[in-house]
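Engineer: Starting from these lines, generate the structure:
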Amino acid sequence: MSNLSGFVKRIRDIMRNDSGINGDAQRIEQISWMLFLKVYDAKEQDWMFDDEDYESIIPENCRWVNWAHDDRSGDAMTGDALMNFVNNTLFPTLKALPVDANTPLKKAIVQTTFADANNYMKDGVLLRQVINVIDELQLDDYEESHAFGEIYETILKELQSAGSAGEFYTPRAVTDFMAQRIDPQIGEKMADYACGTGGFITSWLKALKPKVKTTEDEAAYSHSIYGIEKKQFPYMLCITNMLLHDLDVPEVYHDNSLLRDVLDYTDDDRVDVILMNPPYGGSEKADVKNHFPDDLASSETADLFMAVIMYRLKKNGRAAVILPDGFLFGTDNAKINLKKKLLSEFNLHTIIRMPSSVFSPYTSITTNILFFDHTGKTENTWFYRLDMPEGYKHFSKTKPMKLEHFQPVLDWWDNRKEINIDGFDKANSFTYQELTEDLGYNLDQCGYPHEEEVILDPRDLIQKYEEERASLNAEIDRVLAEITAILGGKEE
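Structural biologist: Residues are numbered from 1 along each chain as shown. You can find the predicted model right below:
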């Protein structure tokens, strides 16, 4: 294709004329299932070249090359015939592909990917035009395939505008920074239990790739990731992302990480590294709490994922996790108990406070990166406040966060020292005793003292209010319990 940079725009312009496409979410989902089939078809061509006995799980008439490819002979399906084929043959066939426990993962992903996929377009002529644009991709050409991998990033970014509270594309600068600080090693297994479109997995692979030197290293690299995604749409995007990154057997599963008892996990379920941005701002059904010990059972999604992370991290394993401010200052029972477990069983060595606009303009909830490892109790925790770079008032869609903006953290990381600006801590270290006994598990340290007032999206405003109200209510309950205990003691 001569104009990769115009790829998304060309498709968007065509889809705008189709009455079946209503909004960004449907447009991106429509692009996604076609892209998956195009990418999968390119992979199958490779697999057939390498293995003459390879047989596709997709029936011949439903393989991209046989129904979507236009050889310019005038025989390509279009109009009503194309719509009839897609709606009444292609989708029913792919949704019902025979898959069982013995089906190889690289074949099973087709059925899993299409289980809840939809075709929204209603005009067969416009659908043919979109298919032709996608089919122009030369994925057997290394340079074009690599270039398209970059273009795919723009498609994933556009998901932000289609996302709802708690579901965000994590900026690539953030995932790259976290992966680089974790420092992947050949032979390690990394997991993301709410992997979305695969951003953390991609950054892990990027950081690990330069260390691949041998055939054995290559094999270890290919099996170094494990992902779970609950929602069908991001799962489809993630699988396509992995295939574009040359993972022929992407160990990514369409499942819900919260639907298994955390006490049932064995060593086989644990991994060396966890990189995550757990969904936050959402809540789970009441029965989901039954999979967690009573003292950790929270209605907040991010809290539950934090419990999963701690139960699934190997001894001596490492983790980097994004959590909202509500986790740091929260005083409800579940949050306090999660922080007790974190500080007493894990080494929470670093918390990076990030500016509120990192996820702008889609949410202004302030987030933090927690770095910890499973090597024993926390002795000291360093906090570092990452301020906005010079010349930026806030990050935005047109001025997003870049990896270079983390340079102040990198400069400080290996030579840590306290930093105080205008009487406020920018970087400081707190002992286990200070965090637990003196501060009562309040990890809200080295925050932003001069932050300008930000007008939040109504959903974010409600979430922030609920977090602060829950924290205040828990604090009131604690104080009342102490007063009651004192009064009770006097009566005796």
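Engineer: Name the SS class of the nearest residue to Thr175 once chain neighbours are set aside, please.
Structural biologist: Once flanking residues are discounted, Thr175 sits nearest to Ser203: 3.9 Å by Cβ to Cβ, 6 or more residues apart in numbering. For glycine as for every other residue, the C-beta is placed from the backbone atoms N, C-alpha and C. Three-state call for Ser203 (DSSP: H, G, I helix; E, B strand; the rest coil): helix.
Engineer: Hmm, Ser203 is touching Met178, no?
Structural biologist: Yes - here Ser203 reaches Met178: they are 7.1 Å apart, a contact under Cβ atoms under 8 Å.
Engineer: and for these two, which residues touch both?
Structural biologist: Common contacts of Ser203 and Met178 (Cβ atoms under 8 Å, 6 or more residues apart in numbering): Leu275.
Engineer: about what we covered before: what sits against the residue nearest to Thr175?
Structural biologist: Listed by Cβ under 8 Å, 6+ apart, the contact partners of Ser203 are 172, 175-176, 178-180, 275.
Engineer: Please identify the buried residues of the strand or helix carrying Phe49?
Structural biologist: Counting by DSSP states H and E, the element that carries Phe49 is helix 24-50. Neighbour-count burial for helix 24-50 flags 25-44 (criterion: 16 or more other Cβ atoms under 10 Å).
Engineer: Can you give me the distance of Pro171 to Asn277?
Structural biologist: Going from Pro171 to Asn277 by Cβ to Cβ, to the nearest Å gives 10 Å.
Engineer: quick revisit: kindly reformat the contacts of Ser203 as a markdown table and extend each row with pLDDT, neighbour count and secondary structure.
Structural biologist: Formatted as a markdown table, the contacts of Ser203 follow (pLDDT from 0 to 100; neighbours: other Cβ atoms under 10 Å; DSSP: H, G, I helix; E, B strand; the rest coil):
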| residue | pLDDT | neighbour count | secondary structure |
| --- | --- | --- | --- |
| Arg172 | 90 | 19 | helix |
| Thr175 | 96 | 26 | helix |
| Asp176 | 96 | 20 | helix |
| Met178 | 98 | 26 | helix |
| Ala179 | 98 | 24 | helix |
| Gln180 | 97 | 17 | helix |
| Leu275 | 98 | 26 | strand |
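Engineer: Let's have these in JSON lines, adding distance to Val358.
Structural biologist: Listed next are the contacts of Ser203 as JSON lines, based on distance: Cβ to Cβ, whole Å:
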{"residue": "Arg172", "distance to Val358": "12"}
{"residue": "Thr175", "distance to Val358": "12"}
{"residue": "Asp176", "distance to Val358": "13"}
{"residue": "Met178", "distance to Val358": "12"}
{"residue": "Ala179", "distance to Val358": "16"}
{"residue": "Gln180", "distance to Val358": "17"}
{"residue": "Leu275", "distance to Val358": "16"}
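Engineer: Among those residues, which one sits closest to His146?
Structural biologist: Distance to His146 across those (Cβ to Cβ) is lowest for Arg172, with 15.8 Å.
Engineer: Who are the contact partners of the closest one?
Structural biologist: For Arg172, the contact set (Cβ under 8 Å, 6+ apart) comprises 153, 199, 203, 403.
Engineer: repeat that for 10 Å
Structural biologist: By Cβ atoms under 10 Å, 6 or more residues apart in numbering, the residues touching Arg172 are 153, 156-157, 199, 202-203, 206, 400-403.
Engineer: Give me the pLDDT for Glu390.
Structural biologist: Looking at Glu390, its pLDDT reads 89.
Engineer: Surely it is in a helix?
Structural biologist: No - looking at Glu390 with three-state DSSP, it is coil, so not inside a helix.
Engineer: Take the contacts of Arg172 and keep only those in strands.
Structural biologist: If you go by DSSP state E, the contacts of Arg172 have nothing in strands.
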